[in-house]
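Chemist: Return atomic coordinates for the entry below.
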Amino acid sequence: MKPSEQEKLLKEILPEEDLRDFQQASLEHGLTFLRQRRRRGYLLRASALAAVLSLVTFGLLLKPHRAAQRDSSTAQLPPAPQSSPVAASPVKFISDDELLALFPNRQVALIGKPGQQRLVFLDKPHAEPL
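Modeler: Numbering: from 1, shown residues only. Predicted coordinates for the structure are as follows:
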C-alpha cells in the first residue's frame, strides 16, 4: 500500500482532529522510547566504567597488602648465624689421598696446582670430538 493510500484510509477512519492527535501521540511515544533507550545506554556505559574502576582500585589496594605480607614473612625468619662459608656449606672436603682411594682399580692422577687440580682418568682414551 502506498503512503498516499494510507493517508486516505486514515482520513476516512479518523476525523482530521483525531488524526493530528494520533500523530502527536505517536511522535511523543517514539521520542519517549528513544530517550529511554539513550538513558539505558548511558547507564550501561557508566556501570561498566564504574566496574572497571572498582576492579582496578581493588587490585591496587590488594597489591601493597601482598607485598607487606611477603615483607613480614621474611622479617620473621631468624637471622643466619655468622660463620664462615665453608662451615655452612653442605659439601664435605676430602684430601687428595681420599679422592684417589675412591677409584682403587683405575689409573687416575691429579694434575695442576694445589687448589686448582683436576682429576684425570688415565685408563680410558679421550673420545674424538664430533
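
Chemist: And the pLDDT at residue 99?
Modeler: pLDDT for residue 99: 87.

Chemist: need the next SSE after the worst-scoring helix or strand of the chain on mean pLDDT, C-terminal direction.
Modeler: Lowest by mean pLDDT, DSSP states H and E among the helices and strands of the chain is helix 85-88, with a mean of 55. Following helix 85-88 in sequence order, the next helix or strand is helix 96-101 (DSSP states H and E).

Chemist: Compute the distance from the centre of that next one to the centre of its chain.
Modeler: A distance of 53 Å separates the centroid of the chain from that of helix 96-101, by Cα atoms, centre = their mean, to the nearest Å.

Chemist: From the contact counts, what lies against it?
Modeler: strand 108-111 (3 or more Cβ pairs under 8 Å, 6 or more residues apart in numbering; DSSP states H and E). No exception for glycine: its C-beta is placed from N, CA and C like everyone else's.

Chemist: Walk me through which strands the strand it packs on pairs with, and which way each runs.
Modeler: Counting by DSSP bridges, the strands paired with strand 108-111 are strand 118-121 (antiparallel).

Chemist: Residue 109: neighbour count?
Modeler: 11 (other Cβ atoms under 10 Å).

Chemist: Show me the beta-bridge partners of it.
Modeler: With DSSP bridges as the criterion, residue 109 is bridged to residue 120.

Chemist: All the helices of the chain, in order from the start?
Modeler: Remark: helices assigned in the chain by DSSP state H are 3-13, 16-75, 85-88, 96-101.

Chemist: Just give me the lowest mean pLDDT stretch among those helices.
Modeler: Mean pLDDT is lowest for helix 85-88 out of those, coming in at a mean of 55.

Chemist: Could you list the domains of the chain?
Modeler: 3-75, 91-121 (automatic domain parsing).

Chemist: picking up where we left off before, can you put the helices of the chain in TSV and add mean neighbour count and distance to residue 113?
Modeler: Supplementary listing: the helices of the chain in TSV, determined by neighbours: other Cβ atoms under 10 Å; distance: least, Cβ to Cβ, whole Å:
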stretch	mean neighbour count	distance to residue 113
helix 3-13	10	108
helix 16-75	10	42
helix 85-88	8	20
helix 96-101	11	13
